[in-house]
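# Structure for the following, please:
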Amino acid sequence: MSDLHIRPAGLADVPAVLAFWQVAAEGISISDDEAGVARLIARDPQALLLAERDGTLVGSVVAGFDGWRCHLYRLAVHPEARRQGVARSLLDAAEERFAALGGRRGDAMVLERNERAQHAWQAAGYAREEQWRRWTKPLTAG
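Predicted coordinates for the structure are as follows:
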């Protein structure tokens, strides 16, 4: 993927990232708005990684490290760029980031119904942990 460029997102990228997720990502999150993405970038400017080809956004992943665990979210590849190594390149960059920060294991949020994503994560060496389930509680009304 020599023509693929991986870089951290900046605040100016927020509208394009949100539009990209509408096309390339599966499902929506409570944080999928300008304020949520801007807050992520402000808190950890290296966490949201973007893949570009010829200046066009073709992939994203959030590689968040809280000092304890390495979390991966929003791995998304544009439908026309899938199966071209974009996800693998993004995950390689995320894993390099985690290793440099002292991370020991990455975990990914993957929708149960998204079988294509499950296959991609498995191909990248990740495995489902059956003993865990995600528990959530909204902290804001709405």
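
# low-confidence ranges in the chain?
Within the chain, the stretches with pLDDT under 70 are 1-2, 142.

# Geometric centre of it: which residue is closest?
With distances taken as CA atoms, centre = their mean, the residue of the chain nearest its centroid is V61 (2.1 Å).

# And the contacts of the helix or strand where L40 lies?
For L40, the enclosing helix or strand under DSSP states H and E is helix 34-43. Outside helix 34-43, the residues within contact range by CB atoms under 8 Å, 6 or more residues apart in numbering are 9-11, 14-15, 17-18, 29-31, 47-48, 62, 64. The C-beta positions use only the backbone N, C-alpha and C, and glycine is treated the same way.

# Pull out the buried residues from the residues you listed.
With burial judged by 16 or more other CB atoms under 10 Å, the buried subset of these is 9, 14, 17, 47-48, 62, 64.

# export those residues to JSON lines and tack on distance to D54 and secondary structure?
Output for the buried ones among the contacts of helix 34-43, formatted as JSON lines (distance: CB to CB, whole Å; DSSP: H, G, I helix; E, B strand; the rest coil):
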{"residue": "A9", "distance to D54": "18", "secondary structure": "coil"}
{"residue": "V14", "distance to D54": "21", "secondary structure": "helix"}
{"residue": "V17", "distance to D54": "18", "secondary structure": "helix"}
{"residue": "A47", "distance to D54": "24", "secondary structure": "coil"}
{"residue": "L48", "distance to D54": "20", "secondary structure": "strand"}
{"residue": "V62", "distance to D54": "23", "secondary structure": "strand"}
{"residue": "G64", "distance to D54": "28", "secondary structure": "strand"}
